[in-house]
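*Asks:* Build the 3D model from these lines:
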Amino acid sequence: MEDLTTDQQAVYDAVMEQLSGGASAVENLSRVSAVGNEDTSLPVVTSNGQLVTILIGTLVALSAQNLSQSLALWAGPASPSTDPGSSPYNKVYLACESGSYSNFLDETGHAITLEAGEVALIRRKATYWEKETLALLNKAFALAAAENANDAADAVLTWFGEDDSHGIRKTWSDWFSNSLSTGVRKVWTTWFGASASAGVQKAWSDWFEDIKSSWSTWFGATASAGVRKTWSDWLSETKSAWSTWFGATSSAGVRKTWSDWLSETQSAWSTWFGASASAGVRKTWTDWFNEIKSSWTAWFGSDSEHGIRGEFITWFRSASSGVNDAISSAGVAARAANDEAQNLAALKRDCTDSAAAAIAAAQEANEQADLAESIIRELSAEASVTPDRMVVVVQDPISVRNHASLKVGVTLYPTFVMQNYIIQHWDGDSAAVDPHGNIVIRKVGQTRIWVIPTGNTSLAQQVSINVREPRLRLTSTGKLRLAGSALRIY
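*Replies:* A predicted model of the protein is given here:
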């Protein structure tokens, strides 16, 4: 810079080095921020020093108006009593007063301290504050306080420019341009396009219109053109083919096939099982059950005068009559004995022979009583009749998947006898039978057991338990199907 003294040139160089010393724009602006320089500890503090402070603040303000309006990091000057507040993030302060800055704690938790004559930036890090001493500003302040600060200020303002028509500020304005018709802004406007009918904007609009037209042609503006028509035709053909195959009603296609098959199956089932109790399997079962009932009624007796019931009642009445006669005879004999005893007692006073006769009569009465008692015991023994017939019933055959409660049915006749019998395993392992006759199915095969009545072992019978594969199976849909057959049961 021409017409500057050596000291003035040093001030200018110090300020310029702070402005363009290789740091970022934010750091440059921070380092040359305005300072309210009232610290008497500086080497020389005069109005010239304050003028330099004003110079630097003005320079930063001008720069911010044109170059860094969006930068919000600068917080301003700081003193030992400054409080950064509750939102200190991304803030930068310029400090030139010596002392302890109690509201700015460093990484170790201690307050930042400035020595006499020291100028520094205080920056906010993640969780603490950091001090950066500005040695060149110290030098600049010292030189400005010793020399003519007005000349230094004029030199700096001449280089930077007092307004947009001088210095660096004019150069920047000419290059960037204040209007859309000159400079970089004109170049950009010409390339990008001032409207949708020029430049890049027009190219994009034309390309987008071409894409829209191509898409509309390919996809189809309506359902009668393009891909939409292809899809509509295919869907219509598919629906028609499905309707033809499956059947629009139950009288065509697969639905008719299923309906006919179901009707035939229902008819076959109705014919085999029987639509009523007078036809098919139902009639067979009904006739068999009626025959069983008739046979049972004839054998057991429809009333107390017929069948087994009549025989038992007749026998019991006869036995009861004999017992009653014996009891009556015993009573007559006992009464006769009592009479004789009374007579003997009356004659005892007369003679000993009469007493002996009375004793003999009493003994005879006791014998008669013993005889009556033995008769009663014989009649009671006859009442304990042993079974003379045994009927054993077992379901045959039994499906291996039969989970119902199965039992060996045993009945001893006459039915009033004690129903005592023993079940003994003979051979086979297809089933197991417990002492109470309960059957447990194990596998397909044959098992033989003996049923032996304890009251008459001569009636013992051998019984076979035959276990076979199931003839019906359950489908995945819960229907029954005959094993090995296509017949389904619904």
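*Asks:* Reduced to three states, what does S181 come out as?
*Replies:* coil (DSSP: H, G, I helix; E, B strand; the rest coil).
*Asks:* That one and D163: what is the separation?
*Replies:* Note on S181: its distance to D163, by Cβ to Cβ, to the nearest Å, is 21 Å. All C-beta atoms are positioned from the backbone trio N, CA, C, and that covers glycine.
*Asks:* residue ranges with poor pLDDT in this protein?
*Replies:* 1-74, 86-90, 135-156, 177-180, 347-348, 351, 353-355, 376-384, 484-490 (pLDDT under 70).
*Asks:* How many residues are close by the nearest residue to T454 once chain neighbours are set aside?
*Replies:* Spatial nearest neighbour of T454, excluding adjacent residues (Cβ to Cβ, 6 or more residues apart in numbering): N420 at 4.4 Å. Neighbourhood size, N420 [other Cβ atoms under 10 Å]: 12.
*Asks:* so N420 sits right up against P453, yeah?
*Replies:* Yes: using Cβ atoms under 8 Å, N420 is in contact with P453, at 6.8 Å.
*Asks:* If you count contacts, what does the lengthiest helix in the chain end up packed against?
*Replies:* Once the chain is assigned using DSSP state H, the helix that runs over the most residues is helix 307-348. Other elements packing on helix 307-348 under the criterion 3 or more Cβ pairs under 8 Å, 6 or more residues apart in numbering; DSSP states H and E are helix 280-300, helix 352-383.
*Asks:* mind listing what's buried in the shortest one?
*Replies:* When you say that, I think you mean helix 280-300. Judged by neighbour count (16 or more other Cβ atoms under 10 Å), helix 280-300 contains these buried residues: G280.
*Asks:* and the direction of it versus that of helix 307-348, what angle?
*Replies:* Relative orientation of helix 280-300 and helix 307-348, computed by axes from the mean of the first three to the mean of the last three Cα atoms, to 10 degrees: 20 degrees.
*Asks:* what packs against helix 280-300?
*Replies:* In this structure, helix 280-300 packs against helix 253-273, helix 307-348, with contacts taken as 3+ Cβ pairs under 8 Å, 6+ apart.
*Asks:* Next, format those as JSON lines and append distance to K91.
*Replies:* Shown next, in JSON lines, are the helices and strands packed on helix 280-300 (distance: least, Cβ to Cβ, whole Å):
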{"stretch": "helix 253-273", "distance to K91": "81"}
{"stretch": "helix 307-348", "distance to K91": "118"}
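*Asks:* so which of those helices comes closest to A360?
*Replies:* Distances from A360 to each of those were compared using Cβ to Cβ; the shortest belongs to helix 307-348, at 8.7 Å.
*Asks:* Now do the closest one: distance to the chain's middle.
*Replies:* A distance of 86 Å separates the centroid of the chain from that of helix 307-348, by Cα atoms, centre = their mean, to the nearest Å.
*Asks:* Let the chain start at 53 from now.
*Replies:* Will do, 53 is the new start, and the previous item becomes helix 359-400.
*Asks:* what's the overlap in contacts for N472 and P505?
*Replies:* L464 (Cβ atoms under 8 Å, 6 or more residues apart in numbering).
*Asks:* Now for the closest residue to G489 other than its chain neighbours, how many residues are close by?
*Replies:* Nearest residue to G489 in three dimensions, chain neighbours excluded: V460, at 4.0 Å (Cβ to Cβ, 6+ apart). Using other Cβ under 10 Å, V460 has 20 neighbouring residues.
*Asks:* Now that we have the helices and strands packed on helix 332-352, can you turn them into JSON lines and tack on mean neighbour count and distance to Y153?
*Replies:* Formatted as JSON lines, the helices and strands packed on helix 332-352 follow (neighbours: other Cβ atoms under 10 Å; distance: least, Cβ to Cβ, whole Å):
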{"stretch": "helix 305-325", "mean neighbour count": "13", "distance to Y153": "92"}
{"stretch": "helix 359-400", "mean neighbour count": "14", "distance to Y153": "124"}
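*Asks:* Nearest to R221, out of the ones you listed?
*Replies:* R221 lies closest to helix 305-325 among the helices and strands packed on helix 332-352, at 89.3 Å (Cβ to Cβ).
*Asks:* for that closest one, packing partners?
*Replies:* Using 3+ Cβ pairs under 8 Å, 6+ apart, helix 305-325 sits against helix 278-298, helix 332-352.
*Asks:* Just send those back as JSON lines, with distance to S322 too.
*Replies:* As requested, those are exported to JSON lines (distance: least, Cβ to Cβ, whole Å):
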{"stretch": "helix 278-298", "distance to S322": "28"}
{"stretch": "helix 332-352", "distance to S322": "8"}
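*Asks:* mind checking which of these is nearest G161?
*Replies:* Using Cβ to Cβ, the nearest of the helices and strands packed on helix 305-325 to G161 is helix 278-298, at 70.8 Å.
*Asks:* helices or strands next to that closest one in the packing?
*Replies:* Using 3+ Cβ pairs under 8 Å, 6+ apart, helix 278-298 sits against helix 251-271, helix 305-325.
*Asks:* Throw these into TSV and include distance to N155, thanks.
*Replies:* Formatted as TSV, these follow (distance: least, Cβ to Cβ, whole Å):
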stretch	distance to N155
helix 251-271	52
helix 305-325	88
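*Asks:* In stretch 464-472, which residues are buried?
*Replies:* 464, 469.
*Asks:* Could you do stretch 290-304 as well?
*Replies:* Buried-residue list, stretch 290-304, by 16+ other Cβ under 10 Å: G299.
*Asks:* Same question for stretch 239-258.
*Replies:* Within stretch 239-258, judged by 16+ other Cβ under 10 Å, the buried ones are 241, 245, 251.
*Asks:* Among these, which one lies nearest to V333?
*Replies:* So of the buried residues of stretch 239-258, ranked by how close each gets to V333 (Cβ to Cβ), first place is G245, at 94.0 Å.
*Asks:* Map the structural domains onto the sequence of this protein.
*Replies:* Per automatic domain parsing, the structural domains of the chain span 58-228, 244-298, 359-435, 441-534.
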